[in-house]
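Novice: using only what follows, build the 3D model:
(2 chains)
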2 protein chains.
Amino acid sequence: MGFIERREKLYDWMAEEGINLLLLEDAEDHRDKAVRYLTGQPGDALLFLSLARKSLLVPWDVNMANVYADVDDILPYTKFELNPYVAAKAAAAYFKTPYGSRIEVPAQTSYPSFLKYVENLSDYDIICRDEGAKSEIERLRSIKDSDEIHIYRICSEKTNEIIDLIEKNVVDKTLKTETDVALFIEAECRKRGCEGTGFSTLAAGPSRSFGIHCFPPYTAAPFAEKGLSILDFGIVWQGYSSDVTMTFARALTKAQERQILLIEKAFDLAYNTVAGPFKSKKEDASIPSRDIALVIDDFFKKEKCFMPHGLGHGIGLDVHEAPYLRRGADNKGKIERNMIFTIEPGLYDPAAGGCRFENDILITDDGAEILTRSKIVRL
Amino acid sequence: MGFIERREKLYDWMAEEGINLLLLEDAEDHRDKAVRYLTGQPGDALLFLSLARKSLLVPWDVNMANVYADVDDILPYTKFELNPYVAAKAAAAYFKTPYGSRIEVPAQTSYPSFLKYVENLSDYDIICRDEGAKSEIERLRSIKDSDEIHIYRICSEKTNEIIDLIEKNVVDKTLKTETDVALFIEAECRKRGCEGTGFSTLAAGPSRSFGIHCFPPYTAAPFAEKGLSILDFGIVWQGYSSDVTMTFARALTKAQERQILLIEKAFDLAYNTVAGPFKSKKEDASIPSRDIALVIDDFFKKEKCFMPHGLGHGIGLDVHEAPYLRRGADNKGKIERNMIFTIEPGLYDPAAGGCRFENDILITDDGAEILTRSKIVRL
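Specialist: The predicted model follows:
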């Protein structure tokens, strides 16, 4: 795994930015997969990176860190009273960080917590910003390296096997309820050596598919009965999650049939729009991710429909990460080669129910490859 | 459900504090169950509370809000470009909030995001603090009302039924792997009408029980074979989660047997320590939650052992909430009547494996009641 290479890129960036010490934190109230991306440690740790190109992990569970973490040194969090300010002060001393130099704390640091860092590390210049380490790591993570693409090939194949099994078992009525389908996925992904599912599987039978994300995620209610049923799931291989949505359609009204045709058309339109710029083989090909979302918004508008969520999002160690395919004016992201993201048009109606069709896309040297084979299953 | 009563208490507090508008946010990157506590909306929404004693919900999914939310008004988040600063500005206008008055934003607001609120709401005095609405709501939530205690009686009973079934099925080897046990819980809780599990079930067979929280949460590995196995789970009834840990012990070494005896003793000692002050029936009885943790720390220290995590925590809409039974010097919390929390001593060894014993406790008028019947199962 390229943990050292990933950290080297970040050290280069720290040197450019004049950051002497960088703190990243993965904790229960603000998860940050950057820690796993840079060290392999799955969770619950502080990570300090020094301009001296050395790393220090401060994990909650030191036994786990000894098994998983690829870092220069490990010190248990209990040594610092499980207090991030105490640990940060100790890390600054550990790395002999010169007084007055810049220490960057996580962008998600709350305003009250930022004030505590400033108070506890008064000898240093504390930086907290969105357009800093956060956006740099987001940018690094959005373009998958060869290890990551290899992981996604395996993850997608396992996802596809499970998609086919679900179709078969819903058709022959082995899987009858939302819970049946969701637990089938939990069992099948673990049989294949996966860590688990990437998020709570959303299985919404016809009575609940009107919600974008049904609540509760799945119940004992019937699945794939008359009307529209949605199944949104992802499985995790070596930390990386797929994300697909199947729709099951049975004995549809004309309005429901039209919903389905529109999301199928929208998917194809989005796929062709995103693939286009990369067919030229121009080395620095790209397309603003916002543009793709706007094409689909226009398409639905002409059909007098409205999609209440974004068109897609990057996937990786987080199930939602850059790039974001959404219309927001603040979305400055671009789609580039070796990015992996979802395309997931959906339409929802309080009476008719909802449908969504979602697959994972990899931008390749000469276009876009659809990694997963999600389906709209007509019963 | 007492959503209106809960909001009324918060309006009283806002009046005392001179807060004209209070913003709460439940979003993917910072969950806040306060929104559900005050409205019933399960997630993904902004909630604005005005000193005029009116509430406005701005949900991501308006269809879901129409089903679940008990508020004065609902406006879809898409109306505000899914942008919290735009929505906050609109809400200030909606409630005719006087210029110059105080608007409190969530305590978890990041430092960069706080600066954006200040910039976008320049006509108001923006407040962001830990000791404000956050701690007030935490305090309200830590003392359960009669509706919540009723919910916990049902939740505990369902948890106990599942504990008994797990024991039976592990003993007769119907459940053989970590995945078997974990998915059994997923299925059984939904059969009983639960929303799901409160957190990812942690099922660690003997090869993985050394970790406080095993990773991945469960795998295809054998469970309850020779040595120590840990099973940590909770089920959710009407939003509220139980939290229990069973340990399964088979063919133990002397060192492992001692680990188990010590956590059993620690549990009893902690229970008696916490129950003591409430037997007097003194109306304002209480005990610092830190003191209970320190008693157990001392106990383990005398036995030359070390517990690397807190002794317990409140449970409710969040699986970890106030009160916190931990030694941290910053822990100023008290245990009071009608609080519900866990006691969960555990010991972990890289070679011998780990064990933990956890039950849920309700402080009553005349002592403490153990709501759940978790077990150490000797096989």
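
Novice: so A:F114 sits against B:Y111, correct?
Specialist: Yes: applying CB atoms under 8 Å, one finds A:F114 in contact with B:Y111, separated by 4.1 Å. To be clear about C-beta, it is placed using only N, CA and C from the backbone, and glycine gets the same treatment.

Novice: ok, A:K116 touching A:Y85?
Specialist: Yes: A:K116 is within contact range of A:Y85, at 5.4 Å (criterion: CB under 8 Å).

Novice: OK, contacts around the closest residue to A:Y348 other than its chain neighbours?
Specialist: Of all residues not flanking A:Y348 in the chain, A:G354 sits nearest, at 3.6 Å (CB to CB, 6 or more residues apart in numbering or on different chains). Counting by CB atoms under 8 Å, 6 or more residues apart in numbering or on different chains, A:G354 touches A:A204, A:S209, A:F210, A:G211, A:I212, A:L228, A:I230, A:Q259, A:G346, A:L347, A:Y348.

Novice: so A:G354 sits in a strand?
Specialist: Yes: counting by DSSP: H, G, I helix; E, B strand; the rest coil, one finds A:G354 located in a strand.

Novice: against A:A204, how distant is it?
Specialist: Going from A:G354 to A:A204 by CB to CB, to the nearest Å gives 7 Å.

Novice: okay, and the common contacts of these two?
Specialist: Here A:G354 and A:A204 have A:G211, A:I230 as joint contacts, going by CB under 8 Å, 6+ apart.

Novice: can you report phi and psi for A:N359?
Specialist: phi -130, psi 170 (degrees, to the nearest 10).

Novice: pretty sure it is touching A:I370, no?
Specialist: Yes: at 5.3 Å, A:N359 and A:I370 qualify as touching, with contact defined as CB under 8 Å.

Novice: which phi and psi does the residue in the stretch 251-379 of chain A positioned nearest to chain B have?
Specialist: Closest approach between the stretch 251-379 of chain A and chain B, counting by CB to the nearest CB: A:P350, at 5.2 Å. Dihedral pair for A:P350: phi -60, psi -30, per degrees, to the nearest 10.

Novice: so it sits against B:A65, correct?
Specialist: No: using CB under 8 Å, A:P350 is not in contact with B:A65; the gap is 11.4 Å.

Novice: looking only at neighbour counts, state which of the two leads.
Specialist: Taking neighbours as other CB atoms under 10 Å in any protein chain shown, A:P350 and B:A65 compare with B:A65 leading, 24 against 12.

Novice: ok now do that one, which residues does it touch?
Specialist: Taking CB under 8 Å, 6+ apart as the test, what B:A65 contacts is B:Q41, B:A45, B:L57, B:P59, B:I74.

Novice: 6 Å instead?
Specialist: When contacts are counted by CB atoms under 6 Å, 6 or more residues apart in numbering or on different chains, B:A65 touches B:Q41, B:L57, B:P59, B:I74.

Novice: and if you look at A:Y111?
Specialist: B:T109, B:Y111, B:F114, B:C128.

Novice: okay, and the beta partners of the closest residue to A:L202 other than its chain neighbours?
Specialist: When the adjacent residues along the chain are set aside, A:L202 lies closest to A:D232, with 4.1 Å between them (CB to CB, 6+ apart). Each beta-bridge partner of A:D232 is listed here, defined by DSSP bridges: A:L202, A:T245.
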